[in-house]
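Asks: need coordinates for the below:
(2 chains)
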Amino acid sequence: MRFLRHDLHSLVGPYALDALEAGSERDRFIRHLSRCQSCAAEVKGFREVATAMAFAAAAEPPAELRDRVLTAAARTRQLPPEVRTHARPRRARGSVPWVPWLSGVVATASIVVAVLFGFAQAHTRDELNQLKAENQAISLLLSAPQAKLLTHTVTNGGVATVVLAADRHELAVVTTGLPALPSGQVYQLWLIGKPKTVSAGLLPPAKNGQTPAVLATGVVKGDTLGLTVEPAGGSAQPTTTPILALPLPV
Amino acid sequence: MNPNDSDASRFKSAATDRRGERDLDLLLVHVARGDTDAFEAVYDRLVGPVYGVIRRVLRDPSQSEEVTQEVLLEVWRTAARFDPAVGGAATWVLTIAHRRAIDRVRSATAAAGREHKTADVHTPHDEVAEAVEASLDRERVRRCLEGLTDVQRQAITLAYYGGHSYRQVAELLTVTLGAIKTRIRDGLIRMRDCLGVS
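Replies: This next block holds a predicted model:
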């Protein structure tokens, strides 16, 4: 069965209420959604309606459920913070013009250079798209009203540059001049804090001495950004002494 | 309906208060870092609507309790995936809750040979008495639902509270598939405007 675009669009209501059965129709709608910003905005609004309907149906569960859930949570491992080396393509935040933030945030010149240099080095369309996406993520971060730029030397050589958007709990990291590692080793970023330290991702391989931006979420008050050398693939917790420990002003 | 009337602002303070939502967003960020106090606070804020909506869909109290536990554990486990840019924390959690309830009801009815529960068509509000501390939300939602056409209201309540797919809703209301899609969407647009959400 073929769908006209209009038919597809009118599925936004059933979709937001989870009333599309699993199958090709829902798959097709989800694909449409990834390309349709107005649909995404509509889904968001409809889900808020659904949320109000859920609040309107609120009911008190048995009291013992609370202890059961909290006990089970204490035994359940959490997924680590999401780490992205490229932007979320479906994000409908709108594009941020280059010029205003370039002129406004002069101190970000080193990142700008890194990013632009990346463009010059990109060969395939995929590489170019990826770089554009990275740029967008970082320019969005820079355009956050409270974004701060931090730079810090790394113990065994090189400099880390961090753009911290505390209000969004996000940061981006680029590095310059880190010593190349033997194969089998990687640089890994950490958010060192309470109640625990979590991985903030592996540094991608350097191009011309610079590592592409790593974007990390879930930054909270009291965190220190750490960098260690770890076995290939990274570790669950740091296994070597940090060569960078940058307290984050969140 | 005027979104600035006192009823509308009271509704906002009860369920979609922007500052309250932001607090909840921040709590979830802390949950993602393993903060159990933050998780307890999220539990206390959201377990009522989570359990309530699951129970509306599943009806069976013990299954509802089980799914509620699954949902809250999923919130704990995947809190790092919560993205405030996509929507608020309450909406993120309640979307998970409703989806889990639907998954359960579809797998159960698929196994049992699919029976339609038509009771919901005429009594969409029959369980309101057991709801707690949500009377303002309830009143506001009830009034907005009453502002819809009969078909819009029945389609939305059958789909959301009844857990029916839009195909089933079309059969239950003897309306064509094309018409039911449009009724649901038009009804949700009216609800959105009436509730004053974005």
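Asks: what's the distance between stretch A:238-249 and the middle of its chain?
Replies: Taking C-alpha atoms, centre = their mean, to the nearest Å, one finds stretch A:238-249 lying 20 Å from the centre of the chain it belongs to.
Asks: quick check: domain ranges of chain B?
Replies: As assigned by automatic domain parsing, chain B contains the domains B:1-113, B:116-198.
Asks: dump the ones you listed into a markdown table; add distance to chain A, mean neighbour count and mean pLDDT as well.
Replies: For the C-beta atoms, the positions are set from N, CA and C on the backbone; glycine is no exception. Converted to a markdown table, the domains of chain B look like this (distance: least, C-beta to the nearest C-beta, whole Å; neighbours: other C-beta atoms under 10 Å in any protein chain shown; pLDDT from 0 to 100):
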| stretch | distance to chain A | mean neighbour count | mean pLDDT |
| --- | --- | --- | --- |
| domain B:1-113 | 4 | 19 | 81 |
| domain B:116-198 | 3 | 19 | 81 |
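Asks: which stretches of chain B form strands?
Replies: Assigned by DSSP state E, the strands in chain B number zero.
Asks: my error: substitute chain A in the last question.
Replies: Assigned by DSSP E, the strands in chain A fall at A:83-84, A:147-153, A:159-165, A:170-176, A:185-192, A:198-202, A:210-217, A:224-231, A:244-247.
Asks: returning to that earlier point: same list, the domains of chain B, but as a markdown table with distance to residue A:226 please.
Replies: Shown next, in a markdown table, are the domains of chain B (distance: least, C-beta to C-beta, whole Å):
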| stretch | distance to residue A:226 |
| --- | --- |
| domain B:1-113 | 15 |
| domain B:116-198 | 38 |
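Asks: circling back to that earlier point, out of the strands of chain A, which is closest to residue B:58?
Replies: strand A:210-217 (33.2 Å; C-beta to C-beta).
Asks: mean confidence for that closest one?
Replies: Averaging pLDDT along strand A:210-217 yields 81.
Asks: how far off centre is that strand?
Replies: The mean C-alpha position of strand A:210-217 is separated from the chain mean by 9 Å, C-alpha atoms, centre = their mean.
Asks: can you check stretch B:76-90 too?
Replies: Mean-position distance between stretch B:76-90 and its chain equals 16 Å (C-alpha atoms, centre = their mean).
Asks: again, but for stretch B:52-64
Replies: Relative to the centre of its chain, stretch B:52-64 is centred 12 Å away, using C-alpha atoms, centre = their mean.
Asks: between the domains of chain B, which gets nearest to residue A:160?
Replies: Evaluated over the domains of chain B, closeness to residue A:160 peaks at domain B:1-113, with 21.6 Å, by C-beta to C-beta.
Asks: quick one: the helices in chain A?
Replies: A:5-9, A:12-16, A:24-35, A:37-56, A:64-74, A:98-104, A:109-121, A:125-143 (DSSP state H).
Asks: by mean pLDDT, show me the worst of the ones you listed.
Replies: helix A:98-104 (a mean of 35).
Asks: doesn't residue A:174 make contact with residue A:211?
Replies: Yes: using C-beta atoms under 8 Å, residue A:211 is in contact with residue A:174, at 6.0 Å.
Asks: more neighbours: these two, which one.
Replies: residue A:174 (25 against 21; other C-beta atoms under 10 Å in any protein chain shown).
Asks: surely the more buried one touches residue A:207?
Replies: No: using C-beta under 8 Å, residue A:174 is not in contact with residue A:207, being 11.1 Å away.
Asks: now for residue A:30: which residues touch it?
Replies: By C-beta atoms under 8 Å, 6 or more residues apart in numbering or on different chains, the contact set of residue A:30 is residue A:15.
Asks: picking that back up, turn the strands of chain A into JSON lines, including distance to residue A:76.
Replies: Converted to JSON lines, those look like this (distance: least, C-beta to C-beta, whole Å):
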{"stretch": "strand A:83-84", "distance to residue A:76": "21"}
{"stretch": "strand A:147-153", "distance to residue A:76": "34"}
{"stretch": "strand A:159-165", "distance to residue A:76": "29"}
{"stretch": "strand A:170-176", "distance to residue A:76": "25"}
{"stretch": "strand A:185-192", "distance to residue A:76": "20"}
{"stretch": "strand A:198-202", "distance to residue A:76": "15"}
{"stretch": "strand A:210-217", "distance to residue A:76": "20"}
{"stretch": "strand A:224-231", "distance to residue A:76": "25"}
{"stretch": "strand A:244-247", "distance to residue A:76": "30"}
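Asks: domain map for chain A?
Replies: Structural domains assigned to chain A are A:1-76, A:83-247, following automatic domain parsing.
Asks: the shortest one: how far from the chain's middle?
Replies: Distance of domain A:1-76 from the chain centroid (C-alpha atoms, centre = their mean) equals 22 Å.
Asks: again, but for stretch B:23-31
Replies: Its chain's C-alpha centre and that of stretch B:23-31 lie 20 Å apart, by C-alpha atoms, centre = their mean.
Asks: what of stretch A:193-202?
Replies: On C-alpha atoms, centre = their mean, the centre of stretch A:193-202 falls 15 Å from that of its chain.
Asks: same thing with stretch A:209-221?
Replies: On C-alpha atoms, centre = their mean, the centre of stretch A:209-221 falls 8 Å from that of its chain.
Asks: so which of the domains of chain A is nearest residue B:151?
Replies: domain A:1-76 (12.7 Å).
Asks: distance of the closest residue to residue A:25 other than its chain neighbours relative to residue B:70?
Replies: Nearest residue to residue A:25, sequence neighbours excluded (C-beta to C-beta, 6 or more residues apart in numbering or on different chains): residue A:11, at 7.3 Å. For residue A:11, the distance to residue B:70 equals 27 Å [C-beta to C-beta, to the nearest Å].
Asks: cheers, nothing more for now.
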